[in-house]
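> A structural model of the following input is requested.
(2 chains)
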Amino acid sequence: NFMLTQPHSVSESPGKTVTISCTGSSGSIASNYVQWYQQRPGSAPTTVIYEDNQRPSGVPDRFSGSIDSSSNSASLSISGLKTEDEADYYCQSYDNSNQGVFGGGTKLTVL
Amino acid sequence: QVQLVQSGAEVKRPGASVKVSCKASGYTFTSYYIHWVRQAPGQGLEWMGIINPSVPSTSYAQKFQGRVTMTRDASTSTVYMELSSLTSDDTAVYYCARDREGSFYFDYWGQGTLVTVSS
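The predicted model follows:
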């Protein structure tokens, strides 16, 4: 089964840049689009990146996504960190059997 | 505006079934797929399955095969997710989410429905 692996937690200071990785277990992560969702406590997830590197309207350009085929991973970068960015972040894609897959989630702490 | 409004919280006994609804508005109901995703307390997101309201057709995660049924009522623009043989492990918040163009990009989410399974 295709799986996505994320670090459990990351932390960084306000104003800095943080990158969260999402590594595919098999095949090529570049075969299907990767999305990134932000989830604050008690709320439904919202999209910050879709189709690998696209930002929905209203998401600041401090958020960016990329794919690295050599490491079979996707990355979410957040620059100019703000305390409001503190949340859980999930990568998501699907496998070749059209089964949805989420990464385990990364807790971002901005301290 | 696009909205997905889910039914209210449920408390169920082990072995029972639960049916959660997701009412769509603000767009053409049959033009977008709906996925169901759940989140156990303190845990991550888990994909359960997808329904194409126009056909309708469904595809379920292997983990839930035989235990989950997704249906729709086009007359009310509502999608339903029924989960049977509940155990305490099914205690979770259940979300419906709209799929843009069948690409597994969930662009709108419902507010979530808490299902608690307890004896």
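> Residue numbers of chain A in contact with chain B?
A:1, A:32-33, A:35, A:37, A:39, A:44-47, A:50-51, A:56, A:90, A:92-94, A:98-105 (CB under 8 Å from any CB of the partner chain). In short, each C-beta sits where N, CA and C put it, glycine included.
> out of those, which are buried?
A:32-33, A:35, A:37, A:39, A:44-47, A:50, A:90, A:92-94, A:99-105 (16 or more other CB atoms under 10 Å in any protein chain shown).
> Quick one: residues contacting the residue in chain A that chain B sits nearest to.
As assessed by CB to the nearest CB, chain B sits closest to residue A:100 within chain A, at 3.3 Å. Each residue near residue A:100 by CB atoms under 8 Å, 6 or more residues apart in numbering or on different chains is listed here: A:92-94, B:35, B:37, B:47, B:50, B:61, B:104.
> Quick check: bridge partners of the closest residue to chain A within chain B?
The minimum distance from chain B to chain A, using CB to the nearest CB, falls at residue B:47 (3.3 Å). Under DSSP bridges, the beta-bridge partners of residue B:47 are residue B:37.
> same deal with the one 10 residues further on?
With DSSP bridges applied, the residues forming beta bridges to residue B:57 are residue B:52.
> Can you get me a residue count around it?
Applying other CB atoms under 10 Å in any protein chain shown, we find 11 residues neighbouring residue B:57.
> wouldn't it be in contact with residue B:51 here?
Yes. With contact defined as CB atoms under 8 Å, residue B:57 and residue B:51 form a contacting pair (7.3 Å).
> Grab the nearest non-local neighbour of the residue nearest to the spatial centre of chain B.
For chain B, the residue sitting closest to the mean C-alpha position, by CA atoms, centre = their mean, is residue B:36 at 3.5 Å. Nearest residue to residue B:36, sequence neighbours excluded (CB to CB, 6 or more residues apart in numbering or on different chains): residue B:48, at 4.3 Å.
> again with residue A:100
Nearest non-adjacent residue to residue A:100 (CB to CB, 6+ apart): residue B:47, at 3.3 Å.
> Give me the three-state assignment for the closest residue to residue B:78 other than its chain neighbours.
Excluding the flanking residues, the one nearest residue B:78 by CB to CB, 6+ apart is residue B:23, at 4.7 Å. Per DSSP: H, G, I helix; E, B strand; the rest coil, the secondary structure class of residue B:23 is strand.
> my guess is residue B:23 meets residue B:4, correct?
Yes. Counting by CB under 8 Å, residue B:23 touches residue B:4, with 7.2 Å between them.
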